[in-house]
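give the three-dimensional model of this entry:
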Amino acid sequence: IKMLSIYNVEDDLKNNAQLLQSYIDTFSRHFFIHEKFIPIIRVTSLCASTKHIYSNNEDSSLPDMQVNLISYADGRPQIVEVTKNLAEDVIQGKITSDELDVEELDRRLSVPRFSEPQLLILFSPKIELEGFPPWHIHLTEI
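Numbers count the residues shown, from 1 in each chain. Next up, the predicted model:
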């Protein structure tokens, strides 16, 4: 598994992303103590406007595994924020209304290195996504 996304409706996990990264780093060092190779695992969380990466590992190479923390705020609230920014850009003349299309919206909603999950596992008796960002699941098996 190269990428694991964990969705939590509240921001509990995202608010503790740095602590989670610290636990993962400590656990990895202890778990792989007799191995020649210790995998690089990075915790990443989305915000409405920025991306935060937490890692105690100074290696700037691509991680062996990336753990994405996603919450409700990364769904509808982010769409609202992007829509406001698009409107402001048109008003300020940064883009024209002719440039507003699905590709532009997708580009602004997309976050580099946050790919769409191939498999979504729900721990619930019914399928209810509770605000999971819709552009992250259009081809996902549930």
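
quick one: the helices in this structure?
Chain-ordered helices for the chain, with DSSP state H as the definition, fall at 12-15, 17-31, 76-91, 102-109.

of the ones you listed, which is nearest S124?
Among the helices of the chain, the nearest to S124 by C-beta to C-beta is helix 12-15 (17.2 Å). For the C-beta atoms, the positions are set from N, CA and C on the backbone; glycine is no exception.

how about the CA coordinates for that closest one, as CSV?
Output of helix 12-15 as CSV, limited to C-alpha atoms (Å, rounded to 0.1, in the frame of the first residue of the first chain):
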residue,chain,number,x,y,z
ASP,A,12,-9.9,15.0,15.5
LEU,A,13,-7.3,13.1,13.4
LYS,A,14,-6.2,16.2,11.5
ASN,A,15,-5.8,18.2,14.6
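
buried ones in that helix?
Going by neighbour count (16 or more other C-beta atoms under 10 Å), the buried part of helix 12-15 is L13, K14.

can you give me the offset of it from its chain's centre?
12 Å (C-alpha atoms, centre = their mean, to the nearest Å).

tell me what that helix is packed against?
With contacts taken as 3 or more C-beta pairs under 8 Å, 6 or more residues apart in numbering; DSSP states H and E, helix 12-15 sits against strand 41-46, strand 65-70.

and the angle from the last one to helix 17-31?
Right, strand 65-70. Counting by axes from the mean of the first three to the mean of the last three C-alpha atoms, to 10 degrees, strand 65-70 lies at 150 degrees to helix 17-31.

what sits up against strand 65-70?
The contact list for strand 65-70 (C-beta atoms under 8 Å, 6 or more residues apart in numbering) reads 1-8, 13-14, 17, 20, 24, 39-46, 113-114, 132-133, 136.

what pairs with it, parallel or antiparallel?
Strand 65-70 has its sheet partners listed here by DSSP bridges as strand 3-7 (parallel), strand 41-46 (parallel).

extract the C-alpha trace of the longest one and format it as PDB.
The C-alpha atoms that make up strand 41-46 are tabulated as PDB, following Å, rounded to 0.1, in the frame of the first residue of the first chain:
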ATOM      1  CA  ILE A  41       5.800   6.900   6.300                       C
ATOM      2  CA  ARG A  42       4.500  10.500   6.000                       C
ATOM      3  CA  VAL A  43       1.200  11.900   7.400                       C
ATOM      4  CA  THR A  44      -0.500  14.500   5.300                       C
ATOM      5  CA  SER A  45      -3.600  16.400   6.100                       C
ATOM      6  CA  LEU A  46      -5.800  18.700   3.900                       C
END
